[in-house]
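**Student:** next input, structure requested:
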Amino acid sequence: MRASIGSLLLVLGLAGPASAQGLVGASPNQPPTDDKTGTNPLNLQHQVIVATTYVTLERFHLNETTYRHVVPILHRRVALSAGLPLVVGNLTGRRETGLGDVSANVEWTPWLSPRRGLLVGMRATIDTATVQEFGLGVHTLMPYVQVVFQPATGTILAPFLSYRTGMGGEAFATEVEDTLVGLYGVWRPTSRLWLATQPQVVFDAARASTYGELSAEVGYQWFSRLGAYVRPSVGVGADGSKPYAWGLTAGIRVIP
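**Tutor:** Below you'll find the predicted structure:
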C-alpha cells in the first residue's frame with residue numbers, strides 16, 4: 001500500500017532554450033502574452049491556479065486541492081512558483097484532512113526559436129504533510145527538461161524527462177528515486193478551446209517497478225484572463241505498483 005501511495009503522489013506532483021538576446025534577456029521568439037490559456041510551457045506568465053484532483057484505488061480515495069502561484073522574472077525567461085496542497089482522504093481506512101507536501105519550482109527557457117524551445121526546471125517538495133499518508137515522508141528534488149515543438153499553428157508536442165530523488169525525512173519514509181518520461185500534446189481548434197493529453201511512464205528504481213498515467217484534458221477560456229479545464233485520467237501498472245485506478249482533475253487558471 002505504501003508503494004501505491006508513493007506512486008500516486010508522484011503522479012499528482014506531476015506534475016509534471018538561448019536566443020540572440022542571451023540566456024535571460026528578452027527574446028523576439030517568446031510566445032505572445034495575449035495567449036492566456038496557459039497551454040504553452042514556454043509562455044512564462046503570471047498565473048494563479050486552483051485545481052482539485054480526485055483519485056481512487058480499490059476502496060481508498062484521495063482528494064487534493066492545490067493553490068499554485070507563478071511569477072515570471074527576467075523578461076519572462078524565468079518563472080518561480082509554489083504550490084500549497086490541502087488533502088482529504090481515507091488512505092488509512094478512516095477519513096482524514098490535512099496539509100500535503102508543499103512544493104516550489106523554478107523554470108527557465110534558455111533557448112527559444114519561432115517554433116521550438118527548451119524548458120529546464122527544478123522542482124522541490126518539502127516534507128510538510130500533517131498526515132503520514134498524505135506525504136512522501138522525505139524532501140525531494142526533481143530536475144527536469146522539456147523540448148517544445150510547434151509543428152503547426154495551435155498544436156504543441158513536448159516530450160519531457162525528469163529525475164527525482166529524496167533527501168532526509170522521517171523514519172517511516174521509503175527511499176525515493178525515480179525517472180519520469182512523458183509527452184505533452186495540445187491541439188487548439190479555436191483560440192479559446194484546447195484539447196490536451198499527457199501520457200507518462202515512471203521507472204521507479206527504489207521499488208524496482210514501472211507504472212504510469214494516461215490522461216485527456218478539455219479546457220476553455222471563458223473570459224479574457226480566466227480559463228477552466230477538466231482532465232480525466234487512469235493509472236497504469238501492475239498490481240502493487242499501479243498509482244491509482246482512475247482520477248478526475250478540475251481547475252481554473254487566472255493569468256492577470
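
**Student:** if I pick G100, what's in contact with it?
**Tutor:** G100 makes contact with 9, 64, 66, 85-87, 128-129, 134-135, according to CB atoms under 8 Å, 6 or more residues apart in numbering. All C-beta atoms are positioned from the backbone trio N, CA, C, and that covers glycine.

**Student:** and the nearest residue to it once chain neighbours are set aside, what does it touch?
**Tutor:** In space, and not counting its chain neighbours, G100 is closest to P85: 3.5 Å by CB to CB, 6 or more residues apart in numbering. Residues counted as contacts of P85 (CB under 8 Å, 6+ apart) are 12, 64-66, 99-103.

**Student:** for P85, give me the pLDDT.
**Tutor:** We have a pLDDT of 97 for P85.

**Student:** right, and the helix or strand after the strand or helix carrying it?
**Tutor:** Per DSSP states H and E, P85 falls inside strand 78-89. Toward the C-terminus, strand 78-89 is succeeded by strand 96-99 as the next helix or strand (DSSP H and E).

**Student:** ok, back up a step: let me have the contacts of G100 in CSV, extended by distance to T197.
**Tutor:** Formatted as CSV, the contacts of G100 follow (distance: CB to CB, whole Å):
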residue, distance to T197
L9, 22
E64, 21
T66, 21
P85, 23
L86, 27
V87, 26
T128, 31
A129, 30
F134, 28
G135, 28
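
**Student:** ok, those residues vs A152, which is closest?
**Tutor:** T66 (32.1 Å; CB to CB).

**Student:** burial count for that closest one?
**Tutor:** A count of nearby residues for T66, using other CB atoms under 10 Å, gives 21.

**Student:** chain neighbours aside, what residue packs nearest to it?
**Tutor:** P85 is the one closest to T66 (CB to CB, 6+ apart), at 4.5 Å.

**Student:** and for V254?
**Tutor:** Once flanking residues are discounted, V254 sits nearest to V48: 4.5 Å by CB to CB, 6+ apart.

**Student:** and the one you found, how close does it get to H75?
**Tutor:** 21 Å (CB to CB, to the nearest Å).
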